[in-house]
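Participant: sequence first, predicted coordinates after that:
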Amino acid sequence: MAQIDDRLRDHAHLILKDVPDDVMSLDSKADAWDLWHQSRDSKELVQRLQNFNAPESVKTDLWNAKRQFSDPVPTPMDRVEQALHRMASMEPQVLESMERLPNVLKSLMENLQSSVE
């Protein structure tokens, strides 16, 4: 039997179908399902769920599934860009000391590269 890629499963349905009807009504489950599928990523979902009436465990399960299967995975170039932005926001004295000690920067970059691989 062929394996189905987890990214293709309806995780919101899998979570909500096991919630008893006395805990969440069918209408509430449908609304939660809509919120899950209308959200692009876990950050958007958490905002939509803030004022939604559902058990915290259900909200957490929905958020975890969204984070795991819908959040973008940063590429190595994204990580380098983030590091450059952080460096640009550093105090000039710190940047000058980094320029005076290029081996430290080289070591940091090698560690970054090995952690990406």
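Facilitator: Alright, I've got the coordinates.
Participant: quick one: least confident helix or strand in this structure?
Facilitator: Of all helical and strand segments in the chain, the minimum by mean pLDDT, DSSP states H and E falls on helix 102-116, at a mean of 72.
Participant: give the buried residues for that helix.
Facilitator: By 16 or more other CB atoms under 10 Å, helix 102-116 has no buried positions at all. All C-beta atoms are positioned from the backbone trio N, CA, C, and that covers glycine.
Participant: swap in stretch 27-36?
Facilitator: For stretch 27-36, by 16+ other CB under 10 Å, it's Ser28, Lys29, Asp31, Ala32, Trp33, Leu35, Trp36.
Participant: dump the residue contacts of the fifth one.
Facilitator: Residues counted as contacts of Trp33 (CB atoms under 8 Å, 6 or more residues apart in numbering) are Ala12, His13, Leu16.
Participant: okay, and which of those map to helices?
Facilitator: Ala12, His13, Leu16 (DSSP state H).
Participant: look up how far Lys17 lies from the residue nearest to the second one when sequence neighbours are not counted.
Facilitator: To tie it back to what came earlier, the one meant is His13. Among residues not flanking His13 along the chain, Trp33 sits closest, at 6.5 Å (CB to CB, 6 or more residues apart in numbering). Counting by CB to CB, to the nearest Å, the separation of Trp33 from Lys17 is 10 Å.
Participant: neighbours around Ser70, how many?
Facilitator: 17 (other CB atoms under 10 Å).
Participant: let me fix that: Ala65
Facilitator: 20.
Participant: next one: the one 10 residues further on
Facilitator: Using other CB under 10 Å, the number of residues around Thr75 comes to 10.
Participant: next: the one 10 residues further on.
Facilitator: His85 sits with 9 neighbouring residues when counted by other CB under 10 Å.
Participant: likewise His37?
Facilitator: His37: 14 surrounding residues under other CB under 10 Å.
Participant: where's Thr60 relative to Lys66, distance?
Facilitator: Going from Thr60 to Lys66 by CB to CB gives 11 Å.
Participant: so for these two, which sits in the more crowded spot?
Facilitator: A count of neighbours by other CB under 10 Å puts Lys66 above the other of Thr60 and Lys66, at 24 against 13.
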